[in-house]
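[1] Just to be clear, the model below is a prediction. Sequence and coordinates:
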Amino acid sequence: MSKNIKSITNPKLQLKVLTPEDVRKIHDATLQIIEKVGVRFPSQRALEVWAENGAEIDRDRMIVRARPELIEQALDSCPPFYTLAARNPQQDLPLDGNHVYAGTDGCGVEVIDIHTGVKRTSELQDVRDIARIADATEEVAFHWVPVSAQDKPHQTRGLHEIRAIWGNSTKHVQTESVYSEHEARAAIEMASLIAGGKDQLRKRPVLSLMQCTASPLGHDGGSLDAALLAAEAGIPTGFMTMAACLTTGPATMAGNLAVGNAEVIAATAMLQLAHPGAPVFYAAAQTASDLRNGAYTGGGPEDFLFGAATNVLADYYNIPLSMGSFATGAKEPNWQAGLENSLSTFMASLVMSDMLLGLGFLHGSRIWSFAEMMLDAEIFSIVHKMMQGIPVNAETLALEAIAAVGPGGNFLSQKHTRAHMRDLFLPQFMDRRPYTEWESKKDDARDWALTKARKLLAEHQPDPLDAALDAELERIIAAEEKALV
């Protein structure tokens with residue numbers, strides 16, 4: 001099977017969601033929040049980093065207030081471009097501002113079983129199965145750990161998950177499930193083995209680390225400690241804000257952007273103060289709370305706008321972005337899922353967000369669906385085709401073919417048609433059958449998508465890990481579990 005990865009490059013379509021003046025206002029508001037209100041950093045190591053650099057520390061509340069110039073100077077050392085490495089170098093992902101890659105979502109806690117269709121608690125085998133199918137799907141460029149291996153100890157669950165993905169795919173792995181110092185050390189050791197040593201890991205990071213903030217204006221202590229270790233090892237590291245209008249962020253979208261930006265930028269600056277030049281990325285999945293019950297929505301016009309605006313902010317700071325796209329709030333693959341995932345992905349792609357997260361999830365990133373994964377991959381393919389625009393040149397204007405056919409003919413037999421017919425998008429899951437055929441079968445995209453997922457799971461054979469290397473990964477996890485007893 002092809003090792004190609006589908007990404008959006010050299011776009012012909014563009015979107016302007018924030019003006020330069022808007023961005024500057026959000027940036028200035030962000031600096032004011034960090035300086036006057038502060039951000040909570042419940043990690044002794046993180047507080048030491050801030051104290052060593054002259055920030056104001058409230059140690060009782062673990063709140064840091066930092067001058068604007070300190071934040072801006074720290075951000076100046078962020079590398080603007082780097083590459084996320086894969087086990088197979090052909091699948092490396094340059095984060096150069098001219099690629100949009102899609103990845104699976106994570107880290108859900110329930111799965112719609114691929115065989116029975118019954119919703120249940122996620123397990124390690126689900127991580128393996130999803131990785132295998134994603135390995136065979138060119139629209140999936142990298143893995144976000146998709147679901148939680150809840151049949152494994154919570155202290156080492158993240159290690160089991162990344163081992164399962166490396167064992168079933170050659171693509172890059174990004175995890176949001178490593179959020180303690182001990183687990184980060186083990187994950188770094190495992191990634192070093194995959195890369196061929198610590199020096200090689202720094203050159204070719206086969207793992208990247210995502211940490212969620214604790215909105216509003218806070219962080220998790222274990223996540224901070226893990227991020228500091230990862231940055232020291234040269235593993236690309238990002239902080240994701242999920243601030244939601246009304247609840248963990250202001251009701252206004254601009255205010256919500258400022259709160260989320262303060263969380264991400266403060267933590268990013270902290271990493272740069274500790275390890276200047278460490279590869280970092282901006283991450284966001286901001287949304288609006290439902291007015292009726294305050295619940296997380298996982299879709300809607302605010303999400304689409306946040307997705308576009310966040311990339312503009314990341315571009316302002318000249319760092320890559322990993323952002324929540326797809327991840328519909330729908331409970332099953334349906335009209336709502338298609339609408340939300342199409343618009344969120346299209347908006348994010350128009351502004352060339354580097355990494356789009358979300359393939360495969362329903363109910364706001366809670367429930368994994370293999371059928372939704374396949375449908376989301378098709379959505380990305382459609383957006384990929386749209387972003388190419390309409391090439392206009394002597395060949396595409398087809399004047400010779402038009403003259404040969406003339407009025408009243410057709411183009412089916414033309415050489416030009418044979419040369420370009422495969423340029424047209426051919427869907428896998430859109431229903432273009434005659435009505436009578438549909439009426440007699442009454443199957444639809446969900447059925448076809450699930451059939452494809454089952455076929456890939458049954459037939460695709462990913463390039464395996466070397467047995468001795470896999471045994472070493474298992475040894476590291478076993479040692480961690482023994483030490484925690």
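    It's in.

[2] What sits closest to Val147 if chain neighbours are left out?
    Ser122 (3.7 Å; Cβ to Cβ, 6 or more residues apart in numbering). In this view, the C-beta of every residue, glycine as well, is placed from N, C-alpha and C.

[3] Same question for Ser381.
    Nearest one to Ser381, counting by Cβ to Cβ, 6+ apart, is Glu139 at 5.8 Å.

[4] How many neighbouring residues does that neighbour have?
    22 (other Cβ atoms under 10 Å).

[5] Now for it: which residues touch it?
    6, 102, 359, 377-378, 380-381, 384 (Cβ atoms under 8 Å, 6 or more residues apart in numbering).

[6] which residues in the stretch 51-200 of the chain form helices?
    In the stretch 51-200 of the chain, the helices defined using DSSP state H, counting those that start in this stretch lie at 68-75, 124-135, 157-166, 181-195, 198-203.

[7] between those, which one is nearest to Ile34?
    When the helices of the stretch 51-200 of the chain are compared by Cβ to Cβ, helix 68-75 sits nearest Ile34, at 6.1 Å.

[8] What's opposite the spatially most central residue of the chain in the beta bridge?
    The geometric centre of the chain, computed from its C-alpha atoms, lies nearest to Leu357 (Cα atoms, centre = their mean), at 2.8 Å. For Leu357, the beta-bridge partners under DSSP bridges are Gly103, Gly324.

[9] Please tell me how far it sits from Gly106.
    8 Å (Cβ to Cβ, to the nearest Å).

[10] who touches both of these two?
    Shared contacts of Leu357 and Gly106, counting by Cβ under 8 Å, 6+ apart, come down to Trp144.

[11] Buried by neighbour count: which residues of the host helix or strand of Leu47 qualify?
    Taking DSSP states H and E as the definition, Leu47 sits inside helix 44-52. For helix 44-52, the neighbour count (16 or more other Cβ atoms under 10 Å) marks 46-47, 49-50 as buried.

[12] quick one: it to chain centroid distance?
    29 Å (Cα atoms, centre = their mean, to the nearest Å).

[13] re the thing from before, inside strands: which ones of the contacts of Glu139?
    102, 359 (DSSP state E).

[14] biggest separation within the contacts of Glu139, which pair?
    Largest separation among those by Cβ to Cβ: Leu359 and His384, giving 13.3 Å.

[15] Those two: which is more packed in?
    Shown here are Leu359 and His384; by other Cβ under 10 Å, Leu359 has more neighbours (29 against 20).

[16] What's the per-residue pLDDT of the spatially closest residue to that one that is not a sequence neighbour here?
    Counting by Cβ to Cβ, 6+ apart, Asp376 is the residue found nearest to Leu359 once chain neighbours are left out, at 4.1 Å. According to the prediction, Asp376 has pLDDT 97.

[17] Can you report how many residues lie near Asp376?
    Neighbours around Asp376, by other Cβ under 10 Å: 33.

[18] so who does it touch?
    Contacts of Asp376 (Cβ under 8 Å, 6+ apart): 102, 326, 341, 358-360.

[19] Next up, the contacts around Ser77.
    Contacts of Ser77 by Cβ under 8 Å, 6+ apart are 272, 276-277.

[20] Just these: which are in helices?
    Those of these mapping onto helices are Gln272, per DSSP state H.

[21] neighbour-wise, which of the contacts of Ser77 leads?
    Neighbour max across those (other Cβ under 10 Å) = Gln272, 22 neighbours.

[22] how near is that residue to Val64?
    Using Cβ to Cβ, Gln272 is found at 14 Å from Val64.

[23] Then Lys171?
    36 Å.

[24] between the two, which one's more packed in?
    A count of neighbours by other Cβ under 10 Å puts Lys171 above the other of Lys171 and Val64, at 29 against 24.

[25] The more buried one contacts Trp144, correct?
    No - using Cβ atoms under 8 Å, Lys171 is not in contact with Trp144; the gap is 11.0 Å.

[26] circling back: could you dump the buried residues of helix 44-52 into a markdown table and include distance to Phe411 and pLDDT?
    Output for those, formatted as a markdown table (distance: Cβ to Cβ, whole Å; pLDDT from 0 to 100):
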| residue | distance to Phe411 | pLDDT |
| --- | --- | --- |
| Ala46 | 65 | 98 |
| Leu47 | 70 | 98 |
| Val49 | 66 | 98 |
| Trp50 | 67 | 98 |
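
[27] So what does Ala227 look like in phi/psi?
    The phi/psi pair for Ala227 (degrees, to the nearest 10) reads phi -60, psi -40.

[28] Model confidence score at it, please.
    So Ala227 comes in at 98 (pLDDT).

[29] what does the one 10 residues further on give?
    The model reports Thr237 with a pLDDT of 98.

[30] for Phe304, same thing?
    92.

[31] what sits against the nearest residue to it once chain neighbours are set aside?
    Spatially, and ignoring its direct neighbours in sequence, Phe304 is nearest to Met347 (4.5 Å; Cβ to Cβ, 6+ apart). Neighbour list for Met347: 15, 17, 304-305, 307-308 [criterion: Cβ under 8 Å, 6+ apart].

[32] Equivalent analysis for Gly238, please.
    208-211, 264, 268, 280-283, 322.

[33] which SS class is it?
    strand (DSSP: H, G, I helix; E, B strand; the rest coil).

[34] Tell me how far it lies from Leu450.
    Taken as Cβ to Cβ, the span from Gly238 to Leu450 is 33 Å.

[35] With Glu480 instead?
    36 Å.

[36] More neighbours: which of these two?
    Leu450 (22 against 19).

[37] Surely that one is in a helix?
    Yes - per three-state DSSP, Leu450 lies within a helix segment.

[38] confidence score at it?
    98.

[39] what residue ranges in the stretch 1-150 of the chain score low on pLDDT?
    Counting by pLDDT under 70, the ranges of the stretch 1-150 of the chain that qualify are 1-2.

[40] what about Asp463, how many neighbours?
    11.
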